[in-house]
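*Asks:* Only the shape, not the letters, is given here:
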């Protein structure tokens, strides 16, 4: 079993930055996993934010966060990060990290991921 634990959320003002972390533990081959970040705002469906392949060399971003958010990973420490810059009130949501074994495809769909963290709240005030 793989456990994912997010941290780094909080309350910030528009224009500020935050870095989320997601630490993996358990029976994990983290360095071989596709890792992603999703978010869910109140009353809305969970939506894709970003994902990266096993090495972090290939990344994919949702259009609303392109140029502002950066996903990266540290396989030596089983951790994936989401650096969020120029935050906007529309970024307010619970942010989840997710993972699955790699097969060469970077998925945007939440149903394609197997492992999920409990989420961390990000609130951006105007």
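*Replies:* Done, it's in. As the structure is a prediction and not an experimental result, all values here were calculated from the model.

*Asks:* Give me the average confidence score over stretch 40-56.
*Replies:* Average pLDDT, stretch 40-56: 96.

*Asks:* does the residue nearest the centre of the chain sit in a helix or strand, and which one?
*Replies:* With distances taken as Cα atoms, centre = their mean, residue 37 lies nearest the centre of the chain, 2.2 Å away. Using DSSP states H and E, residue 37 maps to strand 33-40.

*Asks:* what about the helices in the protein?
*Replies:* Shown for the chain, no helices are assigned by DSSP state H.

*Asks:* where does it have low pLDDT?
*Replies:* Counting by pLDDT under 70, the chain contains no low-confidence range.

*Asks:* all strands for it, in order.
*Replies:* Counting by DSSP state E, the chain has strands at residues 2-7, 10-13, 18-26, 33-40, 47-52, 59-61, 69-74, 79-84, 93-101, 115-116, 120-125.

*Asks:* Identify whichever of those lies nearest to residue 109.
*Replies:* strand 47-52 (7.3 Å; Cβ to Cβ). For every residue, glycine as well, the C-beta is placed using N, CA and C.

*Asks:* Surely residue 70 is in contact with residue 86?
*Replies:* No - taking Cβ atoms under 8 Å as the definition, residue 70 is not a contact partner of residue 86, at 11.6 Å.

*Asks:* Compare neighbour counts for those two and give me the winner.
*Replies:* Using other Cβ atoms under 10 Å, the more surrounded residue of residue 70 and residue 86 is residue 70, with 16 against 13.
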